[in-house]
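J.: return a 3D structure for these sequence lines:
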Amino acid sequence: MKKVAFVSDVHANLEALQAVLAKLGDMSIYCLGDIVGYGASPNEVIALLRSRGVTSVLGNHDYAVITGSTSDFNARAAISAKWTARVISAESEEYLKSLPQELSFDVEGSRIYLTHGSPLDHLWEYVDPGTHSELFDFYLKRLSARLIALGHTHVPYVWKGENGTVLNPGSVGQPRDGDNRSSYVVATFENGEVEVQEKRTSYDIRGAAEKIREAGLPEEHASRLFVGM
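T.: So this is what the prediction gives:
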């Protein structure tokens with residue numbers, strides 16, 4: 001038996017990431033991208049993920065920071081990406097540049113596939129059961145995977161079908177499902193079966209919001225943390 005944690009969309013929210021990591025002990029952790037953007041602690045978040053040995057894929061906000069391409073963002077997201085590009089260290093930038101857009105590996109004999117958006121559009125496509133459930137078995141068969149973990153939407157879900165499981169752990173740093181607590185998932189692998197538990201934890205929202213305001217980033221990035229939207 002092996003337990004594995006999936007997190008996503010940390011968005012430079014150090015306080016949220018610290019709270020989640022405190023719950024996970026020495027468990028193996030995989031991040032589904034968007035490490036930076038919106039929040040005010042990009043270097044600290046990257047350093048913490050690296051020190052904890054978290055394996056991550058690239059998200060669209062990470063991509064925008066390292067390429068300068070913000071044409072697909074709204075004005076507030078673009079401001080944050082450009083600010084992040086100015087303040088991240090050379091070491092942090094190199095780390096983001098090293099991230100793959102997809103990963104595939106085995107846990108206890110089960111093939112796992114990770115990407116930020118979708119298996120067909122790694123950075124930008126939003127996937128949720130309401131729009132994509134008919135494709136989930138197609139994804140699982142195409143990738144020969146028992147579990148697919150996706151990010152990007154900031155809304156958690158777990159979908160189970162006869163060919164496997166598709167999940168989204170929601171967002172650590174900026175939840176958008178009406179619950180302001182950090183969201184993540186713990187999966188247990190045993191004898192070819194996968195059991196998934198959706199988890200939430202509270203964190204110092206006020207502290208994270210104050211850092212955003214002090215950095216001069218858009219107010220919405222701070223205020224939305226309190227309502228989880």
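J.: when you work out contacts or count neighbours from here on, use the C-alpha atoms and nothing else.
T.: Noted.
J.: Ala222: neighbour count?
T.: Using other Cα atoms under 10 Å, Ala222 is surrounded by 22 other residues.
J.: ok, and the closest non-adjacent residue to it?
T.: Ala209 (4.4 Å; Cα to Cα, 6 or more residues apart in numbering).
J.: quick one, strands of this structure?
T.: 2-7, 28-31, 55-56, 102-107, 110-115, 147-150, 157-161, 164-168, 182-190, 193-201 (DSSP state E).
J.: what angle do strand 102-107 and the fifth one make with each other?
T.: Between the direction of strand 110-115 and that of strand 102-107, the angle (axes from the mean of the first three to the mean of the last three Cα atoms, to 10 degrees) works out to 160 degrees.
J.: got the contact list for strand 110-115?
T.: By Cα atoms under 8 Å, 6 or more residues apart in numbering, the surrounding residues in contact with strand 110-115 are 32-33, 57-58, 101-106, 122-123, 143-151, 189, 192.
J.: what are the pairing partners of that strand, and which direction each?
T.: strand 102-107 (antiparallel), strand 147-150 (parallel) (DSSP bridges).
J.: just say which of those strands is most tucked in.
T.: Compared across the strands paired with strand 110-115, strand 147-150 shows the largest average neighbour count, a mean of 26 (mean count of other Cα atoms under 10 Å).
J.: Ser56: what's it in contact with?
T.: Tyr30, Cys31, Leu32, Gly33, Leu99, Pro100.
J.: state the distance from the closest residue to Thr188 other than its chain neighbours to Val227.
T.: Excluding its sequence neighbours, the residue lying closest to Thr188 (Cα to Cα, 6+ apart) is Lys3, at 4.4 Å. Noted for Lys3: a distance of 31 Å to Val227, by Cα to Cα, to the nearest Å.
J.: give me the more crowded residue out of those two.
T.: Taking other Cα under 10 Å, Lys3 and Val227 do not tie; Lys3 has more neighbours (18 against 14).
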